[in-house]
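fold the stuff below for me.
(one chain, ligands or ions: 2)
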Amino acid sequence: MSDISETKSLSSFPLSHGGSIPIVAYGLGTANYKSGRSDLDKAVIADTKTAIKIGFTHLDGAEVYGNEEELGISIRESGIPRSQLFVTTKVHKSISSPKNALTTSLEKLGTEYVNLYLIHAPFWDEKEKGITIEAAWQEMEEIYREGRAKAIGVSNFSIPELKRIADVAKIQPAVNQIEYHPYLQSPELVAYHRQHGILTAAYGPLVPITKGAPGPLDDLITNLSEKYSKSPTQILLRWAIDMGAVAITTSSKEWRMKEALEVSSFKLDSEDVENIRKIGTQKQRRVFWTKNFKD
Ligand SMILES: NC(=O)C1=CN([C@@H]2O[C@H](COP(=O)(O)OP(=O)(O)OC[C@H]3O[C@@H](n4cnc5c(N)ncnc54)[C@H](O)[C@@H]3O)[C@@H](O)[C@H]2O)C=CC1
Ligand SMILES: O=CCc1c[nH]c2ccccc12
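Numbers count the residues shown, from 1 in each chain. Ligands and ions are numbered 1, 2, ... in the order given. Sure thing, here's the model as predicted:
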C-alpha cells in the first residue's frame, strides 16, 4: 500500500503498470447489478450518468454484473471523453478464456480498451473450466501486451493464490480488489500487497455502518464525524484511502454520490486512522463471497 503520509490531497494513486487510478470508484456491482434481464436497465444508465456528471471518473464494472452495455451507454452519453475516465471490468463466468471474455466485454462497453482488467475471483473449478490460475494469468498478460487493458490485476485473491501468479508471472498484478474495511483488515495480505507493489482496492468499505453494524467502532465513528464535520460514510471511505487503498462504493442517490466524492477534500489525522484500525480489530465481519474464503 502507499505510504499513509503520501495520500494527502491526492485524487489518485500510481499504478505499477503505469498511469494512475482515482482513489474513489463508483461500483456497478451491488445496488446496480442486473440479473437475468436482456433489456437495458434504464435506472442503471440514469444512475451511472449521474455519477459521471457529478464527478466520478472511476467506474467499477464486471462481466457478472450483467450491465456492461448500460455502463458503455452511460459513458458515451455522459459527454466526458473516454480518455478522462478509468474503466474497470472483470472476468469470472468466462474464465475459461479471459481473452475471449474481454472481447465480449469491450463490445458491450463500446470501448477499445479498459483501464483495468481483473480476474474477479480465484474460485473456480480448474478441471471444469479447463484453465488453471497460472494459465489464466498468462492470458491476462497477453491482453496487457495487446494494449486492450492498460493494467491487469485480480480480485479476492489470497496470498497462496497471489504466489501462484508470482511464480509464473512476467507482469505482476497491479491491483488486488478485496473486501476491505476496519472489520476485515487482512493485515498479512495487505502487507504482501505492499511488498509486491500491488495496490489494494477496497470494496465494501462501509460495512461497519451497513451490514456490519452495530459494532465496536460505532462511538468512535460518531465522534470523528463531529470532529471533522463529515458523515460516517465519509469517515469510513477516507479511512480506507488513508490506509492506502482505493475506495469502491455505490449508491443510486445523488446526494450519497456527492458525499462519496467529497472525500478527496480532507484527510484523517494519523492517530485517528490508527484508532479506527485498532478498534476495528475487535470485530471480524466478511460480507461477500463468504462460502469461498477459508478463514
Ligand atoms: N470484486 C468483488 O468481488 C466485489 C466488488 N464490489 C464492488 O464494490 C462496489 C461497492 O460495494 P458495496 O459493498 O456496495 O459498497 P459500500 O460498502 O460502499 O456500500 C454501499 C451501500 O451503502 C449504503 N450507504 C452509504 N452510506 C450509508 C449509511 N450511512 N448508512 C447506511 N447505508 C449507507 C449505500 O447507499 C449503498 O447501498 C460494488 O458496486 C462493486 O462494484 C462489491 C462486492 C464484491
Ligand atoms: O463483485 C461483487 C460480488 C458479486 C459476485 N457475483 C456477482 C453477481 C452479481 C452482482 C454481484 C456479484
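
list the contacts for Ser186?
Contact analysis of Ser186 by C-beta atoms under 8 Å, 6 or more residues apart in numbering lists Ile178, Tyr180. Bear in mind the C-beta positions are built from the backbone N, C-alpha and C, glycine included.

from Thr281, how far off is it?
Distance, Ser186 to Thr281, using C-beta to C-beta, to the nearest Å: 11 Å.

same check, this time on His193
Computed as C-beta to C-beta, the His193 to Thr281 distance reads 18 Å.

cool, and Glu188?
According to C-beta to C-beta, Glu188 and Thr281 sit 13 Å apart.

near ligand 1, which residues of the stretch 151-295 of the chain?
The stretch 151-295 of the chain has residues 155-156, 177, 203-207, 209-210, 232-233, 248-251, 256, 288 near ligand 1, with proximity defined as C-beta under 6 Å from any ligand atom.

the spatially closest residue to Tyr144 that is not a sequence neighbour: what's it in contact with?
Of all residues not flanking Tyr144 in the chain, Ile152 sits nearest, at 4.8 Å (C-beta to C-beta, 6 or more residues apart in numbering). By C-beta under 8 Å, 6+ apart, the contact set of Ile152 is His17, Leu116, Tyr117, Leu118, Met140, Glu141, Ile143, Tyr144, Ile171, Pro173, Ala174.

identify the bridge partners of Ile152.
With DSSP bridges as the criterion, Ile152 is bridged to Tyr117.

per-residue confidence at it?
Note on Ile152: pLDDT of 98.

for Leu102, see how far away it is.
For Ile152, the distance to Leu102 (C-beta to C-beta) stands at 10 Å.

which residues do the two both contact?
Residues touching both Ile152 and Leu102 (C-beta under 8 Å, 6+ apart): Tyr117, Ile143.

pretty sure Glu61 is touching Thr88, no?
To be clear, residue 61 is Gly; Glu isn't right here. Yes: in this structure, Gly61 is within contact of Thr88 by C-beta atoms under 8 Å, at 6.3 Å.

number of nearby residues for whichever residue of the stretch 51-200 of the chain sits closest to ligand 2?
For the stretch 51-200 of the chain and ligand 2, the shortest gap (C-beta to the nearest ligand atom) falls at Val64, measuring 4.1 Å. Val64 is flanked by 17 other residues according to other C-beta atoms under 10 Å.

over to Ser38?
Ser38 has 7 neighbouring residues, counting by other C-beta under 10 Å.
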